[in-house]
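>>> attaching a predicted model along with its sequence, questions to come.
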Amino acid sequence: MGYSGARGGLEAILAAEDLVRRSRDHAPAPWAETGQITARFRLAVDRVMGEAGLYDEQTAAHAFRQAEGDTLEAAHLVRAHRSALPRLARSEPVNPDEMVVLRRIVPAHRTPEGPQLLGRTSDYTGRLLERLDGPPAATNGNGNGATHGLETGDSQNGNGRLADANGTTRGLGTGDSQRPDERRPRRFSELLREMDLLVDHRPADPTAPRPEPFDVTRRPARPPAPRSAVLASMARAETGALVGLWYRSILGPDGNVHEVTLGEVRHGRLPLRVKHPHTGAPVTVGHFRATETEAIEDLDGADEDRGRFDLGYGLCFGHNERKAIAMANLDIACRRFGRDTPLEQLLLLTVDGLDSGGFLEHLKLPHYVTFRSMVDRKLAVRGTGERPRAADPIGKDCE
């Protein structure tokens, strides 16, 4: 059994890269404009922005096209691009209550304060494949006529529909349906807090200075880590990895039982503010879309307050409800069981797509030298005639 190194390595690599470019950029199909990607592949673009940690739809769309639809590779491209950008300023903290909601659902309450705004979703439609040969005819929200604009928080262009406490729906952008409180509804968790049904994790002295949030983009987070580091790591995590870890946590293989109810899910726009370089006053320089989730968990532990619920929180760039919901549930699980189980370590060290994907991708690089040494060891064991010794059981004494 012999091995030989691959020859012509650099030429082969350049030829492979050229084949990718020619097959992608000169495919027998119309060119995918950046605007088409941001409009028609909205969720994929949002996922790339969230996993890359950079909110810029145009950059994410370019990366998505260059990566041929591979969101993990696109996030890698955007994160590499972000590492070369200068840091011009630090954004000011923003209150999530300032969010102008485009979508808001409250699964935990039938008639919450404020509207249930379904917004842009296919959660309630059948998964039936549509084979379209061309663009469908333009329709409005009722299935006939012309459209009245895309989903926005603006009363001039909104075509979403509001559902009030009685289930009556009203179109947006018309008449008296555009009250400010409908776009900034009161949180369901505030009602629970008024009823004294939530464990209060807020500081006893609200005026006391709070610690600086952990910046995972500047230094790696290692357990034990503050909650801000865990939330930031989850916000940049690979969506599939985070959902998989959450599902494992829900199934309870570690003996930790979770009874979680989704309190509220929001998708909307938040302001981006920085300090003015001369006056020092906060100035709004733009807006970004985000998904926010609050999850409610029943406390039933022996050392827990069984007369109250606990609240988990999740927020991520763009419209990515799967990630935000998994974040909120894992936030509670980490607070309840993270110190006694490997959960915190898994959240900090294994859910980042670039770390896990990079380790997987490196397996495709040449490993013939190390594997040859493994083969030599196997042949040496056979040559001595010794029987390979089984590994000792962990945690048991062997006689």
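Sure thing, it's come through.

>>> all helices of the stretch 151-300 of the chain, in order?
180-183, 188-194, 227-235, 239-251 (DSSP state H, counting those that start in this stretch).

>>> mind giving me a markdown table with these and columns for mean pLDDT and distance to residue 61?
Every residue, glycine included, has its C-beta placed from N, CA and C. Output for the helices of the stretch 151-300 of the chain, formatted as a markdown table (pLDDT from 0 to 100; distance: least, C-beta to C-beta, whole Å):
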| stretch | mean pLDDT | distance to residue 61 |
| --- | --- | --- |
| helix 180-183 | 77 | 27 |
| helix 188-194 | 94 | 35 |
| helix 227-235 | 95 | 21 |
| helix 239-251 | 91 | 18 |
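
>>> count the residues that sit near residue 214.
For residue 214, the neighbour count with other C-beta atoms under 10 Å is 17.

>>> residues contacting stretch 24-40, please?
Residues from elsewhere that reach stretch 24-40 (C-beta atoms under 8 Å, 6 or more residues apart in numbering): 45, 57-58, 60-62, 64-66, 68, 150.

>>> residue 324 is nearest to which of the helices of the stretch 151-300 of the chain?
helix 227-235 (8.9 Å; C-beta to C-beta).

>>> the closest one: which residues count as buried?
228-235 (16 or more other C-beta atoms under 10 Å).

>>> that older thread, turn the helices of the stretch 151-300 of the chain into a markdown table, including distance to residue 109.
A markdown table is the format used below for those (distance: least, C-beta to C-beta, whole Å):
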| stretch | distance to residue 109 |
| --- | --- |
| helix 180-183 | 17 |
| helix 188-194 | 6 |
| helix 227-235 | 25 |
| helix 239-251 | 22 |
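
>>> so which of those is nearest residue 13?
Nearest of these (C-beta to C-beta): helix 239-251, 28.8 Å.

>>> what helices or strands is that closest one leaning on?
Other helices and strands packing on helix 239-251, by 3 or more C-beta pairs under 8 Å, 6 or more residues apart in numbering; DSSP states H and E, are helix 42-52, helix 321-337, helix 343-349.

>>> by contact count, what packs against the longest one?
Other helices and strands packing on helix 321-337, by 3+ C-beta pairs under 8 Å, 6+ apart, are helix 227-235, helix 239-251, strand 260-275, strand 282-298, strand 309-317, helix 343-349.

>>> quick one: least confident helix or strand in this protein?
Across the helices and strands of the chain, mean pLDDT, DSSP states H and E gives its lowest value to strand 169-171, namely a mean of 42.

>>> any stretches of the stretch 251-399 of the chain with poor pLDDT?
254-255, 257, 338-340, 386-399 (pLDDT under 70).

>>> and the strands in the stretch 1-150 of the chain?
For the stretch 1-150 of the chain, the strands defined by DSSP state E, counting those that start in this stretch occupy 100-105, 116-117.

>>> you'd agree residue 306 is up against residue 299?
Yes - using C-beta atoms under 8 Å, residue 306 is in contact with residue 299, at 5.8 Å.

>>> so between those two, which is more surrounded?
More crowded of residue 306 and residue 299, by other C-beta under 10 Å: residue 299, with 16 against 10.

>>> which residues does residue 311 form beta bridges with?
residue 296 (DSSP bridges).

>>> buried residues in stretch 218-225?
221, 223, 225.

>>> lowest-confidence one in these?
Least confident entry in these, by pLDDT: residue 223, with 87.

>>> ok, it - contacts?
Per C-beta under 8 Å, 6+ apart, neighbours of residue 223: 344-345, 348.

>>> for ChimeraX, what selects the buried ones among those?
To isolate in ChimeraX the members of the contacts of residue 223 that are buried, counting by 16+ other C-beta under 10 Å, one can use:
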select :344,348
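
>>> what residues are up against the residue positioned nearest the centre of the chain?
Geometric centre of the chain, nearest residue: residue 323, 3.9 Å, by C-alpha atoms, centre = their mean. Applying C-beta under 8 Å, 6+ apart, one finds that residue 323 lies in contact with 47, 50, 234-235, 237, 239, 242-243, 291, 314, 316.
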